[in-house]
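Visitor: Got a sequence here, can you build the structure:
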Amino acid sequence: MSNTQNYRDSVDEADRLASPDEFDAVTRDSVDAPIPMATYSPRPSEDATQPLHSQDTLPRWFGNPSTRKTRYRHWISQTTPTLKRIFRPRLTWRYILCSVLAVYVVFCWVRGSPLLATRLPGYTGPYRVGAIDIEVPLPGGPKQVADGVFKDSGDPAFKVGTVLATIYYPTTQAFRSRKARLPWVSRPVSLTAKGYAKMVHVDNFLIRPIFTFGLWAIGGSITIPAEVDAPLFTSEDGEKDGKFPLMVFSHGMASSRSDYTNFLGELASRGHIIAAVEHRDGSCPGSVVKLDDKDPGRHALFFRESDLLDEIDMEGFKKAQLAVRDAEIRGAIDLFHAIQKGEDIGNTRDSVSTLSAWEGRLDLDRLTVGGHSYGATGALQALSTVASSPTAIGGLILDPGKSSGPLNNKTDVPLLVVHSNSWSKSHSIFYGRPHFDAVRDLVRSAVSPSWFLTSLGTSHPSVTDAPLLEPWLLSWTTGARLNTKEALEEYVRVAEEFLNVVEKGKTEGLLAEKVTHEEYDKWVSEERRQEFPKDLARLWQIHVAPGENK
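Guide: Numbers count the residues shown, from 1 in each chain. Next up, the predicted model:
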C-alpha cells in the first residue's frame with residue numbers, strides 16, 4: 001500500500017513539472033541551466049496560439065535547416081522593398097546626372113582616357129615622331145645671370161645650372177618603342193599644381209590637394225604621342241640620310257616644355273629636330289632641376305618679383321627673366337653642337353640609348369629660334385644675343401608678348417610673326433603705342449624678308465595643346481571660332497612654309513601672297529579683296545610681306 005501511494009505521488013509531481021509554465025520557470029531560473037534563455041514576449045501582431053518556445057528564442061546553432069531557410073526568406077522579404085526603393089529609376093536631374101557621370105567614369109577607365117579631357121592626336125607628317133627628355137649642365141658650370149635672391153631661402157633666383165628640353169625628331173614609321181610614353185603633365189603632378197596655386201594666390205595646404213586632383217583628372221593620364229628613345233630616321237636600306245634642320249622653341253608664361261607637343265611634333269613629323277626648352281625663370285608652374293643623374297632634384301616654382309628679398313621693379317624683373325631665357329636657349333644650342341660632335345652630354349634624366357647615332361646628323365647651319373607669347377619675346381631677343389652666330393637663320397614669332405618687356409627690333413634674319421585673331425583684335429598699349437602697330441613696324445623695319453600675319457578665328461592658346469584637350473571649354477572662354485584641329489593645321493602649314501623659305505629659299509603658298517590688310521580687319525583695297533583666294537581670306541590677313549610697306 002505504501003509503495004502504491006509513493007508511485008501515485010511521483011506521477012502527480014511529474015505531471016506538475018511537465019506543464020509548460022513550470023518547465024519554463026525551472027529551465028530559465030535554474031543556475032544549472034546549460035544556456036540562459038531569453039524571456040519571450042509575443043508581439044501584438046503574432047498569433048496568440050503560437051507556441052511559447054519559438055525558434056527565435058533559441059541560439060542559431062539549435063535551429064533546424066528548415067527554420068533557417070524560413071528566416072532567410074523573411075529577411076529577403078523585408079529587404080527587397082528597401083532595395084527596390086533605392087535602385088528604382090527616378091527621372092530627376094540628380095539621378096540622370098549621377099548616372100551619366102558613373103557611365104562616363106567607367107567608359108574612361110575602360111578606354112584608358114583622361115576623365116576631363118581628350119587624348120592628344122597622332123602626328124600627320126611623313127615621318128613618325130620620336131621624343132626624349134634631356135637635361136644637361138651648362139658648359140662651364142652654373143651662371144648667375146642677374147641679381148636677386150628669394151626671401152624664404154636666400155637662394156639665387158636667377159642662377160642657371162642646367163638646361164632641360166624635350167627633343168622631338170623624325171624616326172621611321174615602323175618603329176614602336178618599348179618605353180613608356182612621356183607624360184604630358186610633368187611629374188610630380190603636385191609640383192605643377194602648387195605652381196598654378198601660387199599663380200592665383202591660393203597656395204595653401206587646403207587648396208593644393210584640390211589643384212593636384214583637378215590637374216590629375218584633366219591631364220594626369222595624358223601622354224605625348226611620340227616614340228620614346230626612337231632612333232633618328234634612316235632609310236629602309238639602313239643607310240643614314242642627310243642632316244636635319246633644327247629649332248629651339250621657347251614657351252610662354254604659365255607654360256612648360258610640354259604645352260606645345262602637337263605643334264612641335266607636327267614639325268618634327270615633317271623632318272625637323274625641335275628642342276622645346278623648359279625655362280626656370282619663374283614663368284613655369286613647376287620644374288625639377290637635376291644637376292646630375294644621382295641628384296633627387298631641386299624644385300623650381302613659379303615666382304613673382306614680390307618673392308625676392310630686394311625690391312625690384314617689373315621692368316627689371318622681366319629683364320632678369322629674359323636673361324635666364326637667353327642662357328637656356330644658348331644652352332640648348334650648345335647641346336645641339338655637342339650631339340653633332342658625338343660628345344658625352346652628361347644627361348641627368350633617364351638614360352637615352354639612341355643618341356650616339358645622331359653624330360653628324362644635325363644641320364647646325366639651318367637652325368631657327370621660335371617661341372610663343374613670352375617665349376616669342378625671348379626668341380626675338382635671343383636672335384640678337386645668344387643666337388647671333390650664322391647658325392641662326394630665322395625666327396618664328398607667335399603672339400609676341402604684350403607685357404614681357406620691349407621687343408627686340410635689331411634682328412638681321414628673316415622673321416615670321418603670327419598673331420592669333422584675339423591678339424590682333426584686342427587693343428593694348430605697348431610702351432605708349434598700340435601693340436599691333438609696334439609689331440607691324442618692327443617687321444617692316446627688318447633687314448631680311450619678313451612677314452606679319454593674323455590667323456583668323458583663333459585665340460592666344462590656339463597654338464598650344466590646350467584646345468585639343470578641352471576644345472569646347474577653350475572655345476567658350478577665349479572666343480576662338482575656328483575648328484581646333486584646323487587652326488593648328490594652319491599654324492603648322494604656315495610655319496612649314498616659312499622654314500622652307502629660310503632653309504631652302506623656296507617661297508610658296510600664303511607667304512607668296514601680297515599684303516591684304518595694313519590695319520587689322522581693314523582691306524587695303526577692294527581689288528585686293530577680290531583677287532585674294534577665298535580659301536585663304538577665310539583664314540588669314542597679311543599685314544607685312546617682303547618688298548612692301550618699307
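Visitor: which stretches of the stretch 451-550 of the chain aren't confidently modelled?
Guide: Filtered on pLDDT under 70, the stretch 451-550 of the chain yields the residue ranges 549-550.
Visitor: wait, I meant the chain
Guide: Judged by pLDDT under 70, the stretches of the chain that qualify are 1-69, 72, 83-91, 93-116, 237-240, 388-390, 549-550.
Visitor: biggest helix in it, by residue count?
Guide: Of all the segments of type helix in the chain, defined by DSSP state H, the longest one is helix 314-341.
Visitor: Remind me what that one packs against, helices and strands.
Guide: Taking 3 or more Cβ pairs under 8 Å, 6 or more residues apart in numbering; DSSP states H and E as the contact definition, the neighbouring helices and strands of helix 314-341 are strand 128-137, strand 159-160, strand 162-171, strand 244-250, strand 273-278, strand 362-372, helix 374-382. Bear in mind the C-beta positions are built from the backbone N, C-alpha and C, glycine included.
Visitor: Contacts for stretch 438-448, please.
Guide: Around stretch 438-448, the neighbours that count as contacts under Cβ atoms under 8 Å, 6 or more residues apart in numbering are 400, 407, 409, 411-415, 417, 419, 430-431, 450-452, 518, 543-544, 549-550.
Visitor: Buried subset of the residues you listed as a PyMOL selection?
Guide: One line in PyMOL is enough to select the buried members of the contacts of stretch 438-448, burial here meaning 16 or more other Cβ atoms under 10 Å:
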select buried, resi 400+407+411+413+414+415+417+419+430+450+451+452+518+543+544
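Visitor: From the contacts of stretch 438-448, which land in strands?
Guide: Secondary structure assignment by DSSP state E places Leu415, Val417, His419, Phe430, Ser450, Trp451, Phe452, His543, Val544 of those in strands.
Visitor: partners of the third one in the sheet?
Guide: What it means is His419. Note on His419: beta-bridge partners by DSSP bridges are Thr454.
Visitor: The helices and strands packed on helix 314-341 into a markdown table, with extra columns for distance to Gly214?
Guide: What follows is the helices and strands packed on helix 314-341, written out as a markdown table (distance: least, Cβ to Cβ, whole Å):
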| stretch | distance to Gly214 |
| --- | --- |
| strand 128-137 | 25 |
| strand 159-160 | 31 |
| strand 162-171 | 24 |
| strand 244-250 | 27 |
| strand 273-278 | 22 |
| strand 362-372 | 24 |
| helix 374-382 | 24 |
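Visitor: nearest to Gly346, of the ones you listed?
Guide: For those, distance to Gly346 was read as Cβ to Cβ. The smallest value, 5.5 Å, belongs to strand 128-137.
Visitor: so the closest one versus strand 273-278, what angle?
Guide: Here the directions of strand 128-137 and strand 273-278 differ by 50 degrees (axes from the mean of the first three to the mean of the last three Cα atoms, to 10 degrees).
Visitor: How far off centre is strand 128-137?
Guide: 18 Å (Cα atoms, centre = their mean, to the nearest Å).
Visitor: Which strands and helices lie in contact with it?
Guide: When contacts are defined as 3+ Cβ pairs under 8 Å, 6+ apart, strand 128-137 sits against strand 162-171, strand 227-228, helix 261-268, helix 314-341.
Visitor: if we go to 6 Å?
Guide: Where contact means 3 or more Cβ pairs under 6 Å, 6 or more residues apart in numbering; DSSP states H and E, strand 128-137 is packed against strand 162-171.
Visitor: tell me the contacts of the spatially closest residue to Ala131 that is not a sequence neighbour?
Guide: Sequence neighbours aside, Ala226 is the residue nearest to Ala131 in space, at 3.6 Å (criterion: Cβ to Cβ, 6 or more residues apart in numbering). With contacts defined as Cβ atoms under 6 Å, 6 or more residues apart in numbering, the neighbours of Ala226 are Val129, Gly130, Ala131, Gly265.
Visitor: Among those, which pair sits farthest apart?
Guide: Set against one another by Cβ to Cβ, those have their most distant pair in Gly130 and Gly265, with a gap of 9.8 Å.
Visitor: So if I had to pick from the two, which one is more boxed in?
Guide: More neighbours surround Gly265 than the other of Gly130 and Gly265, with 29 against 25 (other Cβ atoms under 10 Å).
Visitor: ok, the more buried one touching Tyr168?
Guide: Yes: here Gly265 lies in contact with Tyr168, judged by Cβ atoms under 6 Å, at a distance of 5.2 Å.
Visitor: quick one: common contacting residues for the two?
Guide: Taking Cβ under 6 Å, 6+ apart as the criterion, Gly265 and Tyr168 both touch Val129.
Visitor: for the ones in strands among the contacts of stretch 438-448, which one is nearest Ala338?
Guide: Of all these, Ala338 sits closest to Leu415, with 27.8 Å by Cβ to Cβ.
Visitor: So what sits opposite the closest one in the bridge?
Guide: Applying DSSP bridges to Leu415, the residues it is bridged with are Gly395, Ser450.
Visitor: Help me confirm that it comes into contact with Ser450.
Guide: Yes: contact criterion Cβ under 6 Å: Leu415 and Ser450 qualify, at 4.0 Å.
Visitor: what about stretch 422-434, start to end distance?
Guide: By Cα to Cα, to the nearest Å, the extent of stretch 422-434 from end to end equals 14 Å.
Visitor: Next, the buried residues of that stretch.
Guide: In stretch 422-434, counting by 16+ other Cβ under 10 Å, buried: Ser422, Trp423, Ser424, Phe430.
Visitor: With stretch 444-456 instead?
Guide: Buried residues in stretch 444-456 (16+ other Cβ under 10 Å): Arg444, Ala446, Pro449, Ser450, Trp451, Phe452, Leu453, Thr454, Ser455, Leu456.
Visitor: Just the CA trace of that stretch, in PDB.
Guide: Taking only C-alpha atoms (Å, rounded to 0.1, in the frame of the first residue of the first chain), the coordinates of stretch 444-456 have been written out as PDB:
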ATOM      1  CA  ARG A 444      58.500  96.300 -91.700                       C
ATOM      2  CA  SER A 445      61.900  97.500 -90.500                       C
ATOM      3  CA  ALA A 446      63.500  94.100 -90.600                       C
ATOM      4  CA  VAL A 447      66.500  93.900 -92.900                       C
ATOM      5  CA  SER A 448      65.700  90.400 -94.100                       C
ATOM      6  CA  PRO A 449      62.500  89.200 -95.800                       C
ATOM      7  CA  SER A 450      59.800  89.000 -93.100                       C
ATOM      8  CA  TRP A 451      56.100  88.500 -92.700                       C
ATOM      9  CA  PHE A 452      53.400  89.600 -90.200                       C
ATOM     10  CA  LEU A 453      50.100  87.700 -90.300                       C
ATOM     11  CA  THR A 454      46.900  87.300 -88.300                       C
ATOM     12  CA  SER A 455      45.300  83.800 -88.100                       C
ATOM     13  CA  LEU A 456      41.600  84.500 -88.200                       C
END
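Visitor: so how far is it off the chain centroid?
Guide: Remark: stretch 444-456 is offset 32 Å from the chain centroid, using Cα atoms, centre = their mean.
Visitor: With stretch 191-210 instead?
Guide: Centroid separation for stretch 191-210 versus its chain: 16 Å, with Cα atoms, centre = their mean.
Visitor: May I have the distance across it, first residue to last?
Guide: Counting by Cα to Cα, you get 13 Å between the two ends of stretch 191-210.
Visitor: One more: stretch 454-473?
Guide: 23 Å.
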